[in-house]
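Asker: I need the structure of the sequence given here:
(2 chains)
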Protein chains: 2
Amino acid sequence: MGFHQIGERNQVLLSKIAINDGHGEDSPYFDGWKAYDNDPFHPENNPLGVIQMGLAENQLSSDLIVDWIRKHPKASICTDEGLESFKVIANYQDYHGLLEFRNAIASFMGKARGGRVKFDPSRIVMGGGATGASETVIFCLADPGDAFLVPSPYYAAFDRDLQWRTRAQIIPVHCHSSNNFQIRKEALEAAYKKAQEANIKVKGVIITNPSNPLGTTYDRDTLKSLVNFVNDNNIHLICDEIYSATVFKSPSFTSIAEIIEEMEHCNKELIHILYSLSKDMGLPGFRVGILYSYNDNVVSTGRKMSSFGLVSSQTQHLLAAMLSDEEFVDNFLAENSKRLAKRHHRFTKELEKMGITCLNGNAGLFVWMDLRKLLKDQSFKSEMELWRVIINEVKLNVSPGSSFHVTEPGWFRVCFANMDDNTVDVALDRIHSFVGKNDKKEDNITLTMPPKTKRRENKLRLNFSFSGGRYEEGNVLNSPHMMSPHSPLVRAHN
Amino acid sequence: MGFHQIGERNQVLLSKIAINDGHGEDSPYFDGWKAYDNDPFHPENNPLGVIQMGLAENQLSSDLIVDWIRKHPKASICTDEGLESFKVIANYQDYHGLLEFRNAIASFMGKARGGRVKFDPSRIVMGGGATGASETVIFCLADPGDAFLVPSPYYAAFDRDLQWRTRAQIIPVHCHSSNNFQIRKEALEAAYKKAQEANIKVKGVIITNPSNPLGTTYDRDTLKSLVNFVNDNNIHLICDEIYSATVFKSPSFTSIAEIIEEMEHCNKELIHILYSLSKDMGLPGFRVGILYSYNDNVVSTGRKMSSFGLVSSQTQHLLAAMLSDEEFVDNFLAENSKRLAKRHHRFTKELEKMGITCLNGNAGLFVWMDLRKLLKDQSFKSEMELWRVIINEVKLNVSPGSSFHVTEPGWFRVCFANMDDNTVDVALDRIHSFVGKNDKKEDNITLTMPPKTKRRENKLRLNFSFSGGRYEEGNVLNSPHMMSPHSPLVRAHN
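Answerer: Residues are numbered from 1 along each chain as shown, chains lettered A, B, ... in the order given. This next block holds a predicted model:
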């Protein structure tokens, strides 16, 4: 089957949504995905391929989950021990979600916040992954044209998730490196005022805490200031906390749930939390998205919208049992945090040795890497040039800051938790060679594959286990992503 | 937590979608669901409770699936045999879907149509159940305000699925009992013309084939005529074929896929099929919705929208293996059809003995029951009166024709495949008593619980197995439904 360009006739036939680019894929950002798809790194089969560092995926603790499942066969409806529940679970399609699933998720969310706050299972609303849950809350709050203020840099796929089908709009509130990209109250107020002057109805503020792509957490004062801001203006505050259990060093994570418990004058009906198990548990395939709202009407409406993206009852059933196991959860959260800390420490220390610094992060599955000094000039054109070299020559798919709507060129988001130690070695080697060459030839950053990578090949052949026996389907199985890695144009042959 | 009415302040804060009734739940139709939720039948614990006959669910063949799973532990990622795939599957989040899953679904769709037509896996687009897949195709085809012609009676939840968030609209094209509710070309043309005169852009026609709620299939001539109609007007034809494998007697099912292969002059880009495993396989909890489009751009756009409602990779993996097993599929389809035929035959024959006729159906999980002669007068007010008696006195949750937008009062959709034989016995007994009493006291159809039901209790205590050990959570686990059975208002205590 061949895909072709949309002809004039089809433009009449299809919706505006179908023919606009609100899906966000027609951007240079996705060239990186395509580059990876076309030439994916594999230690044995393709050691010179592109390493995927654009995928915010947590693969460091899946052995703990596998171990739990092995010991609890009754938790699955596909084992001899669990099959008796098959019929009733396979038929379960209520948009409220299994009661035991909601209970378990609420409990897990509390634990992921250090047990300092409790969540009410009756406020747990299911969505199809964080993607679906994010869209749900926008559908509940905004009419077409209404806007949300979003501190930038922000998660690239917000453009699609929050705007495309809802027809709402994002107004970026730009943050800067001068204060470590913290949001300033004045900037927020200025953006709000400007929107009002343009007759745009601002419905709320949306933050990711911990931040994607910064890998940092919001402090209490900033959170309180945000709550005051939305209260004063009677607008909403949506906190995307899908990275809450990825905090691996101090300062510790403070959820908006804690803040509003502490504040005396706060209209809780304005506060909404987005959650997911994709990052904290490393289970993106399971499509567990959660909208937790303190607003009864959003809970009620959002729940009706759950019908469009329910979590498979097979998956709900399994997770209900797993997340109800408090001992497992406590151990998982502690161990996951420890492993992330170790990986982050190693990765950033090695970069430091090469003279590359990152924003000082304490959370997330990525670092916000500062390559400003490698730019020809401080422009996004130069950022794209550098990025193309990194993709095409150094063969690392990292994500350019421009795709996160940052205003300063030269920053890159680099994911570090979606690969094993040996792949990290290869990536660091490549960066090392690249930086070394670049230091020598100041104005010439077009490099060929660094020789050190080749030197490592033998070692890798012996040690590498990632991807395992499924490599024959490698780029189908190892390259997925929330944001939509594969263009159907590229993959139409499947 | 208490839910309350939306106050004036919140009306400003929330979206129009959140405060309108586009979710379709504020209708008398849902009183039946609530009546069932509040007093669900159970043979031992609540033998006088409401029997759920408003749930189009196929529970007759789940033993075949359970048996297959028992024999194929490697198909699950939660067994010792399958755990090695856990990591790679749990991480799989590509919106294309697992290649093996798409292959298996395409193959299954072909078999469910008697092998007379092949489906291309590259055109399989995932959605969150049929609910999500239906919304997806509307988002791809229609702008807010655009309309689709839909023969009535039609599936009640189309009002929500196709209109609520997309802001498209349904224009019913009324069908009548005089020709067994078949759609007339003149009616279609008149509706189209009328819409055009009202400056409404008609984007297509939507049919369910087999029909919900009629339980009948479209013949070849009607399908050809529909294809000609959409071709002549350059609009779309969406065929919801989610009941395709529930056809249990002649005439056999003809898919639109077969028709367009036969027709010489047909713009295939106008044709889209909706599918699901909820009805044919009886797996509504697994949320497998499929959009199969012959339009490349709809495939491409719909696939990007899959991100909002991906099928859990755990579920994709299991079903990929199951539906690739041709021997299993062939046997399942044959046996499922046989069991549905038997149940349908028994149910309609017993009704006939009581003088109740149904539209002559050959498919589906329900009958379209004619109770016109029991109405006080031929009005929807009388239909509602009769329906309230059936719910409150006879204690059967059947669905009134008005909720399917039929224009003739007195028809009811009665589901027959979501219960075991003994529950069917109880339901038939109740109907029998009701009709008997009604025959005697012509103008008095307000009845108390029929005595025969009580007589059956002892037998049921011995034989009943449905619901099993989960009854303690009975109305959570046994009352789900695509349409949204539970109002959060009712269930807020969970």
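Asker: where exactly do the helices run in the stretch 301-450 of chain A?
Answerer: All helices of the stretch 301-450 of chain A, identified by DSSP state H, counting those that start in this stretch, fall at A:313-324, A:326-353, A:380-389, A:421-440.
Asker: Now for whatever residue of the stretch 151-300 of chain A ends up closest to chain B: which residues touch it?
Answerer: Nearest to chain B in the stretch 151-300 of chain A, going by CB to the nearest CB, is A:Gly285, at a distance of 3.1 Å. For the C-beta atoms, the positions are set from N, CA and C on the backbone; glycine is no exception. With contact set as CB atoms under 8 Å, 6 or more residues apart in numbering or on different chains, A:Gly285 has these partners: A:480, B:89-93, B:312-314.
Asker: and of those, the nearest to B:Gly401?
Answerer: B:Ser312 (36.0 Å; CB to CB).
Asker: The closest residue to that closest one other than its chain neighbours: neighbour count?
Answerer: Computed as CB to CB, 6 or more residues apart in numbering or on different chains, the closest residue to B:Ser312 that is not its neighbour in sequence is A:Ser312, at 3.7 Å. Neighbour count for A:Ser312, taken as other CB atoms under 10 Å in any protein chain shown: 29.
Asker: Kindly state the domain boundaries assigned to chain A.
Answerer: A:28-62+A:333-437, A:76-330 (the TED database).
Asker: Can you say which of these is packed in most?
Answerer: domain A:76-330 (a mean of 22; mean count of other CB atoms under 10 Å in any protein chain shown).
Asker: Now do the SS call for the nearest residue to A:Arg220 once chain neighbours are set aside.
Answerer: Closest residue in space to A:Arg220, ignoring its immediate chain neighbours: A:Thr254 at 5.4 Å, by CB to CB, 6+ apart. Following DSSP: H, G, I helix; E, B strand; the rest coil, A:Thr254 is assigned to coil.
Asker: Can you give me the pLDDT of A:Thr254?
Answerer: For A:Thr254, the pLDDT comes out at 97.
Asker: quick one on the thing from earlier: tell me which of the domains of chain A sits nearest to B:Thr357.
Answerer: That would be domain A:76-330 among the domains of chain A, by CB to CB, at 30.1 Å.
Asker: what's the distance between the closest one and the middle of its chain?
Answerer: Taking CA atoms, centre = their mean, to the nearest Å, one finds domain A:76-330 lying 12 Å from the centre of the chain it belongs to.
Asker: now do the same end-to-end measure for that domain.
Answerer: Its start and end residues considered, domain A:76-330 measures 21 Å (CA to CA, to the nearest Å).
Asker: average pLDDT for stretch A:201-220?
Answerer: 98.
Asker: can you tell me the distance between the two ends of it?
Answerer: Across stretch A:201-220, first to last residue, CA to CA, it's 28 Å.
Asker: Report pLDDT for the residue nearest to the spatial centre of chain A.
Answerer: Computing the C-alpha centroid of chain A and ranking residues by CA atoms, centre = their mean puts A:Ala56 first, at 5.5 Å. In this model, A:Ala56 is scored at 93, pLDDT.
Asker: do you know how far it is from A:Ala156?
Answerer: Look at A:Ala56 and A:Ala156: by CB to CB, to the nearest Å, they are 10 Å apart.
Asker: returning to that earlier point: reformat the helices of the stretch 301-450 of chain A into TSV and put mean pLDDT and distance to A:Ser62 next to each item.
Answerer: Shown next, in TSV, are those (pLDDT from 0 to 100; distance: least, CB to CB, whole Å):
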stretch	mean pLDDT	distance to A:Ser62
helix A:313-324	96	13
helix A:326-353	97	10
helix A:380-389	95	30
helix A:421-440	88	15
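Asker: who does the nearest residue to A:Ser293 once chain neighbours are set aside bridge with?
Answerer: The shortest distance from A:Ser293 to any non-neighbouring residue, by CB to CB, 6+ apart, is to A:His272 (4.5 Å). Beta-bridge partners recorded for A:His272 (DSSP bridges): A:Ile238, A:Ser293.
Asker: Please tabulate the domains of chain A in a markdown table, including the columns distance to B:Ile235.
Answerer: Formatted as a markdown table, those follow (distance: least, CB to CB, whole Å):
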| stretch | distance to B:Ile235 |
| --- | --- |
| domain A:28-62+A:333-437 | 33 |
| domain A:76-330 | 22 |
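Asker: For A:Leu274, which three-state class applies?
Answerer: Reduced to three states by three-state DSSP, A:Leu274 is strand.
Asker: contacting residues for the residue nearest to it when sequence neighbours are not counted?
Answerer: Leaving aside its sequence neighbours, A:Leu274 sits nearest to A:Asp240 (CB to CB, 6+ apart; 4.4 Å). Shown in contact with A:Asp240 (CB under 8 Å, 6+ apart): A:130, A:134, A:155, A:206-209, A:212, A:273-274.
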